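# I would like to see how this sequence folds:
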Amino acid sequence: MVETYCFLFDECLTPDLVAVAIAAGHPAFHVNHLGLTSRSDRAVALAALEGDYVLVTNNRLDFIKIYRNFDVHAGLVVIIPNVTARRQRVLFGSIIDHLRGEASLVNKLVEIDGDGHIHMVDWPVQIDQ
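Alright, predicted model coming up:
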């Protein structure tokens, strides 16, 4: 059975990622679609928590600090480098491929670097500067 994740993309990422997720069979929204544009990181994180969304961002440190306060969350995905929209689509596509067969992202952090290396860990996570 293939797990379906509902993704919420932070405003630091291109709204084009919604189409990548949907094409792979996952519901997805960008913060712009939910009226969360220019809202605080905490407000975005709470919306993700309440909507049971896997939040996708490149704002690693701020969201890890916020998510540490949640007992249970649907998952956090970080595209580490600040790259073009085209490169974001490629990196997120790699994440989608990597997640096939993954039973759950609950309380997981998934990160991808600019070279496409993916690292997944359970909470709590260490905050590396």
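
# Can you get me a residue count around the residue nearest to residue 10 when sequence neighbours are not counted?
Among residues not flanking residue 10 along the chain, residue 57 sits closest, at 3.8 Å (Cβ to Cβ, 6 or more residues apart in numbering). For glycine as for every other residue, the C-beta is placed from the backbone atoms N, C-alpha and C. If you count neighbours by other Cβ atoms under 10 Å, residue 57 ends up with 23.

# what's the answer for the one 4 residues further on, then?
The burial count assigned to residue 61 is 11, neighbours taken as other Cβ under 10 Å.

# per-residue pLDDT, the residue most central in space within the chain?
Using Cα atoms, centre = their mean, the residue of the chain that lies closest to the mean C-alpha position is residue 56, 1.9 Å off. With respect to pLDDT, residue 56 scores 98.

# Could you confirm residue 109 falls within a strand?
Yes - under DSSP: H, G, I helix; E, B strand; the rest coil, residue 109 sits within a strand.

# OK, contacts around it?
By Cβ atoms under 8 Å, 6 or more residues apart in numbering, residue 109 lies in contact with 64, 67, 75, 76, 77, 78, 120, 121, 122, 123, 125.

# Could you single out the nearest of the residues you listed to residue 12?
Distance to residue 12 across the contacts of residue 109 (Cβ to Cβ) is lowest for residue 78, with 10.5 Å.

# returning to that earlier point: contacts only, for the residue nearest to residue 10.
9, 10, 12, 13, 63, 76, 77, 78, 79 are the contacts of residue 57 under Cβ under 8 Å, 6+ apart.

# Residue 54 now?
5, 6, 7, 8, 48, 74, 75, 76, 77, 105.
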